[in-house]
Structures are given as C-alpha cells and as structure tokens.
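**Q** Next comes the sequence, and after it the predicted model I'd like to discuss.
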Amino acid sequence: MIQIYGAGIAGTYLYHLLSSEGLKVAIYDRRSEPDCRCAWGTVYGEAKNFYSEIGINFDDYVILKPEFVVANGIWLKNRDIVIFDKKRLLSDLWVEMSKAEKPDIVVDATGVARAYLPKIESDRVLPAVQTVEKHDVEPNLYIQMERTGYAWAFPLADGWWHIGAGNIEKGEIERLLSELRAKYGFSSTKPACNCFGKVRMLPPSRCRPFISGNVVGVGEAIGCVSGAGEGNAPALASARILADCLLNSELENYEHRILKELEWVENEQKFVDAMLQNNYLTALKLLPKIIAVESRRTVQHSLTEIRKLIGL
Ligand SMILES: Cc1cc2nc3c(=O)[nH]c(=O)nc-3n(C[C@H](O)[C@H](O)[C@H](O)COP(=O)(O)OP(=O)(O)OC[C@H]3O[C@@H](n4cnc5c(N)ncnc54)[C@H](O)[C@@H]3O)c2cc1C
C-alpha cells in the first residue's frame, strides 16, 4: 500500500498514474478542497504530454496563451507558456481523501511544507504574495525582476489578473510590486482576493535526502522548482519518474534519475544561488545552458537579451 500525502500537482498526478496501473494507493491532503490561489502558468507541451498519460486532455484547462513575455521592459516572444485553470484541473483529479493504516511506502508530496521528509539544512524559501485583480491591459506575461526576486502579472480570463511578487528579502516585496504596477500600468485597485505563499529556491541536490526510511519525496518537497519559481511542470516530471521507479521496483535509481533528468532545474537553481552570492562568474558560465533549455521550453531569447535583462 502506498500513501501519498499532498494532493497538489505532483500528488494528484502520481495518484492517478499508480492507481491506473492497479497499485493500491491512498491520498490525503490537509485541505478539504484544492487550493485555488496561485501558480496558473505552465509549459503547454510538457503538461499536455504528462496529463495525456492519465487520460486528461490538458487543452480543456488552458485559459490562454499570451503572445509575449515582457521582462523588465524587454519584449520576448512566448514559445510555449500557457495559463491554465489549475483549480478546476486539481478538482477534477481530486478523489476521496484517506489515510492507510500501515502503508509500505509514504510519499511526501506536500510541496514547500516537506512535512514527512527530514528538514533541509539551510533551506531557502522565497516568501510571495498574490492578488486577483481586474485590469484593462493587453494579456501578456509582465515581469519585473531583480537579483533577489521578481514581481509578475499573469492574465486570466475576462480581464482578471494574478498580480504577485516574491523576494528573498520580504521587506522588498511591496516595492517590487509598485515598480511592476508603474511600469506596465496596473494601477492599485481593490483585489478580489489575496494570499501569501512560499516557493522553495534550492537546487534539488541540496534538498536531499529524497528518500528516508519508507518516505520518498516528490515535487517541490525535493526542490523540483525552476530558477524562475516554476514548479508545475517539474512537479509532474518528478512524479512521472517516481511512478516509473515504483512500478519497476527501482527506487534505488530514483535520486540519480531526478538529478539527471531535472539537471536543467539544478542548473537554474545554481544560477540563482550564484546571483544571490554575487558570484557573477559562475552565473555567467551557467547562462548558455539555461538559455539553451529555456528558449526551447518557454521564451525565444538571445544571450544578449538575457544578459541585458539580468544585468550581467
Ligand atoms: C505565489 C506563487 C506563484 C507561483 N506561480 C507559479 C506558476 O505560475 N507556475 C509554476 O509552474 N509554478 C508556480 N509556483 C510554484 C508552484 O505552485 C509549486 O512549485 C507547485 O505547485 C509544486 O507542486 P507540488 O505538487 O510539489 O506541491 P503543491 O502543489 O504545493 O501541493 C502540496 C499539497 O500538499 C498539501 N499539504 C501540505 N502539508 C501537508 C500535510 N502535512 N499533510 C497533507 N497535505 C499537506 C497542500 O495542501 C497542497 O495541496 C508558484 C508558487 C507561488 C507560491
């Protein structure tokens, strides 16, 4: 019997992958329903492929595909980022929550909480705030970034937007948000709702152990979040790898496969780390690898544009 804790992106996907193969699986989340609040951006091709494996047509959840990603005033052509209705997708994957008596394996899919694996030494989580607001702005992705964090405006349907910011230095969040508002014309307005969140910003290699006793981690619990704070597609990728390892009784390969197949996440987080330490030489060395991956997945950009963007 496998017990999954956490019915977010990684946990729900893993549950359906394993149960469709006939494994006995239980899933439990501390919430009574899926979280609605944030993280509605993802890479279309990756999500489409992963979800097709559990019979989900991801197109049914796509809200829109913005034409441009505008970062610090630089207009980049969007390659494959879409906004999807995460709440509806997670609701459709939600099953009856239950706790098994004596599970053989416990999966820690609790995201940033990492509630079942041992705590990470020198963990680094980025505090973030987000609101839902109505604005009359062309529906692109707008970003204002700096060394320690960034602010974003992501379009939803019917003129609604997710407006948010995260920064290692919590006190800087409001300033970053004001800069984003001023730069792209998102005037301060009464939000329909607001929330606080956290994103783990560490290379996966620094989130070990991935396995401790009979507990195995997946998704953000083991640091599968890109350098841009993008955790949906990496959570799905890590759950796919874990499902393979469980189905083939090859858990001993799990750590190696995560570090190899999500090496791009490791590189991006090492880049963030280097920038935070003012280690610009290391950051510069990592940049071509990051651009090679991201110009295929997310936005079309050149080395010159990216160097201008991050001031290197
Ligand atoms: C403000 C904000 C904006 C973001 N925007 C984006 C975005 O646009 N695109 C993107 O790709 N990523 C984004 N992210 C990151 C993304 O949300 C996460 O990386 C991703 O959801 C991780 O998936 P997961 O399944 O590992 O964890 P989660 O999706 O966080 O799921 C964890 C689940 O575990 C449950 N849980 C927690 N503790 C326990 C416990 N003790 N017992 C049982 N259940 C528990 C939680 O209720 C939750 O349902 C954003 C994050 C934040 C904070």
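**A** Cool, the structure landed.
**Q** Just the residues contacting the strand or helix carrying residue 90, thanks.
**A** Under DSSP states H and E, the secondary-structure element containing residue 90 is helix 86-93. Residues outside helix 86-93 that contact it (CB atoms under 8 Å, 6 or more residues apart in numbering): 7-9, 12-13, 15-16, 33-36, 39-40, 51, 54, 56, 58, 61, 232. (Glycine included, C-beta is placed from N, CA and C.)
**Q** again, but for stretch 122-132
**A** Applying CB under 8 Å, 6+ apart, the contact partners of stretch 122-132 are 37-38, 112, 149, 156, 160-168, 170, 173, 177, 191-202, 206, 229.
**Q** How about stretch 207-221?
**A** Outside stretch 207-221, the residues within contact range by CB under 8 Å, 6+ apart are 6, 8-11, 14, 103-114, 116-118, 120, 199-200, 222-224, 231, 234-235, 238-239, 242, 251, 254-255, 258.
**Q** Would you mind naming what in the stretch 201-312 of the chain lies close to the ligand?
**A** Contact residues, the stretch 201-312 of the chain versus the ligand (CB under 6 Å from any ligand atom): 219, 220, 221, 225, 229, 230, 231, 232, 235.
**Q** quick one, helices of the stretch 51-200 of the chain?
**A** Ranges of helices within the stretch 51-200 of the chain are 86-93, 173-184, based on DSSP state H, counting those that start in this stretch.
**Q** I'd like those helices written out as TSV, with mean neighbour count and distance to the ligand added.
**A** Below are these laid out as TSV (neighbours: other CB atoms under 10 Å; distance: least, CB to the nearest ligand atom, whole Å):
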stretch	mean neighbour count	distance to the ligand
helix 86-93	17	8
helix 173-184	18	11
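**Q** so the top strand by length along the chain versus helix 173-184, what angle?
**A** The single longest strand within the chain, with elements called by DSSP state E, is strand 125-134. Computed with axes from the mean of the first three to the mean of the last three CA atoms, to 10 degrees, the direction of strand 125-134 lies at 40 degrees from that of helix 173-184.
**Q** What residues sit buried inside strand 125-134?
**A** Within strand 125-134, the residues that count as buried by 16 or more other CB atoms under 10 Å are 125, 126, 127, 128, 129, 130, 131, 132, 133.
**Q** what subset of those is also close to the ligand?
**A** Among the buried residues of strand 125-134, proximity to the ligand is found for 128, 130 (CB under 6 Å from any ligand atom).
**Q** Kindly reformat the helices of the stretch 51-200 of the chain as TSV containing mean pLDDT.
**A** TSV is the format used below for the helices of the stretch 51-200 of the chain (pLDDT from 0 to 100):
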stretch	mean pLDDT
helix 86-93	96
helix 173-184	96
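**Q** per-residue confidence at whichever residue of the stretch 151-300 of the chain sits closest to the ligand?
**A** Residue of the stretch 151-300 of the chain nearest the ligand, by CB to the nearest ligand atom: residue 231 (1.7 Å). Note for residue 231: predicted pLDDT of 97.
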